[in-house]
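S.K.: quick one, fold the following:
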Amino acid sequence: MSAGVGSGLTRLVVATVMLAVAALATLAFPAAARGPDPYVARDITVERTAENAVAAKRAAMDALVSEALGDVFRRLTRPRDRKRLPPPDAWLANRLLTGMKIISESSNRVRYSVTATVTFDRYELDRIFTAAGVPVYSRPGPAALLIPAHVRDGEAAMYADAGEWSEALHTVARKRWLISLKVAKGSLEDRLETLERLRNRDRVSLDFLRLRYNMRGAVLAEFNDGDDGQPAHLRLAGDTGAGDIDMIVPIQPDIDDPIDFAAVRAAELLDDHWKQVQGHGAGAGVRINGAPIHPFDVDPLQDGAAGIAETNAILTELRLTPKAATAQAEPVIAQAEPVIEPRDRPERAEADQVRILTGSVSAAPRVNRNETMLSIPIADDIDTVDLSATMARLAPVTAFMITHSPTGANLMLWHRGGGQDLNAALAGAGYAIGHDLVANTDILVQAAR
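M.R.: Predicted structure coming up:
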């Protein structure tokens, strides 16, 4: 028997054994763990500069929530449907904002940088998706292995030898998609599978690699710089974990950074492939407001006009909240050490007696060494949409969450510093911690003006 045949049989036996082990693992653990909530934008980083620190933070927070909403739109919808959605600008993002956790931040006199996790109102998002006739894809997809190959001047390089192409794929693999992506390292065992076999989508080679990395799929991601008469192009060939894929995507010559562009395009195509596959079979994960549908049931040409009209109606409804309807000025962001003048106690009906606290907020259990948690009901006359936007900008607040129940809305927040610092920042933004004498509990109210 020749060495080549023996090597092939060895690979086949190894792949068969690994497939059997994977099948047994699937039987033992049939329900795969769900991934992170796709409605939450995690680890979003922005940086802005302006004439002063306050303006820089304001610009950065607007950019943060806008980018976070765009991230959620990208993850939950297909590119062909996204054009029917309203632009994910800061105004819409602030109206949908329900929570934020600041992971890190830094600033100087003219710059502010922040990394945060942002949560939006799932119900309002689904209303917008439904009105626009846009299918929602929220079911996490399979994990796929990317096998990098770069052809330059007719010479092919793989794995780390692919240089910029391999690094670009690593960058997009770290981004959150509905699918999970990982880039092959190029060990000695990896290199046993030749580029020629991978180009031919050899099943044994693909299975050998994906099972070595404990992935559901394996895809050759080959970038070709092109040559005379041939444009640069991207080829994806293999098994995504949800089905076979083999496509070539030309890269236009006017693209400034074709390698980065192709890497992002590769991830987008694999993610969109999963969304497309979700619409078939009993386990389809496509839904609009919780109702499974086929992704091709919505005809953008027929339903577009009605969808746009209904979407605009919802946006108008969001815009006409109590505070916005009265054209009230945007809350002022408190300076680092604001000077708060004493305020007289407002006059209220006896059944609605609320005392404005001037002392520090009582410390709730600490979530870590530097933060204090506060949970407090929200007065009925406070617009929680504007409150969300304010909390996102309030200097001492590192995280917050607004919840709703039949008894009313509640604010839970984590803040740095003492209660006096929080009270001062709240007052600068137009809010105060009061005490409801009837219910004998603290409550968040609008500060007297």
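
S.K.: tell me the contacts of Pro142?
M.R.: Ile179, Ser180, Met215, Arg216, Gly217, Thr240, Gly241, Ala242, Trp274 (C-beta atoms under 8 Å, 6 or more residues apart in numbering). (Each C-beta comes from the backbone N, C-alpha and C, glycine too.)

S.K.: in three-state terms, label the residue nearest to the fifth one when sequence neighbours are not counted for me.
M.R.: Taking C-beta to C-beta, 6 or more residues apart in numbering, and ignoring the residues beside it in sequence, Gly217 has Gly241 as its nearest neighbour in space, at 3.0 Å. Counting by DSSP: H, G, I helix; E, B strand; the rest coil, the backbone at Gly241 sits in coil.

S.K.: going forward, count from 634.
M.R.: Let's use 634 as the start, then, which means that last one is Gly874.

S.K.: unless I'm mixing things up, Gly874 is touching Tyr846, no?
M.R.: No. Contact criterion C-beta atoms under 8 Å: Gly874 and Tyr846 do not qualify, at 11.7 Å.

S.K.: what sits against the closest residue to Ala683 other than its chain neighbours?
M.R.: Leaving aside its sequence neighbours, Ala683 sits nearest to Ala689 (C-beta to C-beta, 6+ apart; 4.1 Å). Residues in contact with Ala689, defined by C-beta under 8 Å, 6+ apart, are Arg681, Thr682, Ala683, Ser740, Val743, Arg744, Tyr745.

S.K.: got a ChimeraX select line for the buried ones in those?
M.R.: In ChimeraX, this line selects whichever of the contacts of Ala689 come out buried by 16 or more other C-beta atoms under 10 Å:
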select :681,683,740,745
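
S.K.: for the contacts of Ala689, which one is nearest Val705?
M.R.: Arg681 (20.9 Å; C-beta to C-beta).

S.K.: surely the closest one is within a strand?
M.R.: Yes. Under three-state DSSP, Arg681 falls within a strand.

S.K.: distance of it relative to Val747?
M.R.: Spatial separation of Arg681 from Val747 under the definition C-beta to C-beta, to the nearest Å is 9 Å.

S.K.: joint contacts of these two?
M.R.: In contact with both Arg681 and Val747: Lys690, Ala693, using C-beta under 8 Å, 6+ apart.

S.K.: that older thread, pull the most distant pair out of the contacts of Pro775.
M.R.: So, the contacts of Pro775 by C-beta to C-beta: farthest apart are Met848 and Trp907, at 13.6 Å.

S.K.: for the chain, what spans make up the helices?
M.R.: 636-661, 686-709, 712-715, 723-729, 755-765, 797-806, 828-832, 836-845, 891-911, 933-952, 955-958, 1017-1026, 1052-1061 (DSSP state H).

S.K.: out of the ones you listed, name the one with the poorest average pLDDT.
M.R.: Of all the helices of the chain, mean pLDDT reaches its minimum on helix 955-958 (a mean of 35).

S.K.: what's the neighbour count on Asp722?
M.R.: 13 (other C-beta atoms under 10 Å).

S.K.: OK, contacts around the closest residue to it other than its chain neighbours?
M.R.: Nearest residue to Asp722 in three dimensions, chain neighbours excluded: Ser699, at 5.6 Å (C-beta to C-beta, 6+ apart). Contacts for Ser699 (C-beta under 8 Å, 6+ apart) come out as Pro721, Asp722, Ala723, Ala726.

S.K.: adding distance to Met1034, write these out as JSON lines.
M.R.: What follows is the contacts of Ser699, written out as JSON lines (distance: C-beta to C-beta, whole Å):
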{"residue": "Pro721", "distance to Met1034": "21"}
{"residue": "Asp722", "distance to Met1034": "23"}
{"residue": "Ala723", "distance to Met1034": "20"}
{"residue": "Ala726", "distance to Met1034": "16"}
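
S.K.: top of the residues you listed by number of neighbours, please.
M.R.: Busiest of these [other C-beta under 10 Å] is Ala726, holding 26 neighbours.

S.K.: you'd agree it is up against Asp704?
M.R.: No. Contact between Ala726 and Asp704 fails when scored by C-beta under 8 Å: they sit 10.4 Å apart.

S.K.: what bridges to the residue nearest to Asp676 when sequence neighbours are not counted?
M.R.: Excluding the flanking residues, the one nearest Asp676 by C-beta to C-beta, 6+ apart is Thr748, at 6.1 Å. Under the criterion DSSP bridges, Thr748 forms beta bridges with Thr678, Ser737.

S.K.: just give the number of residues close to Thr748.
M.R.: Thr748, neighbours per other C-beta under 10 Å, totals 17.

S.K.: who's in contact with it?
M.R.: Asp676, Ile677, Thr678, Ile735, Ile736, Ser737, Glu738.

S.K.: confidence score at it?
M.R.: 92.

S.K.: check the one 4 residues further on too.
M.R.: Turning to Thr752, the model gives it a pLDDT of 92.

S.K.: how close does the closest residue to it other than its chain neighbours get to Thr1023?
M.R.: Counting by C-beta to C-beta, 6+ apart, Gly732 is the residue found nearest to Thr752 once chain neighbours are left out, at 3.6 Å. As for Gly732, its distance to Thr1023 is 13 Å (criterion: C-beta to C-beta).

S.K.: ok, now Ala776?
M.R.: Applying C-beta to C-beta to Ala776 and Thr1023 gives a distance of 40 Å.

S.K.: so between the two, which is more surrounded?
M.R.: Comparing Ala776 with Thr1023 by other C-beta under 10 Å, the one with more neighbours is Thr1023, at 24 against 19.

S.K.: am I right that that one is in contact with Tyr1064?
M.R.: Yes. Thr1023 lies in contact with Tyr1064 (C-beta under 8 Å); the separation is 7.3 Å.

S.K.: without its sequence neighbours, what residue ends up closest to Ala806?
M.R.: With C-beta to C-beta, 6+ apart as the criterion, Ala806 has its nearest non-adjacent residue at 3.9 Å, and that residue is Leu814.

S.K.: let me see the contact set for the one you found.
M.R.: Leu814 neighbours (C-beta under 8 Å, 6+ apart): Ala776, Ala777, Leu779, Val805, Ala806, Ala900, Leu903.
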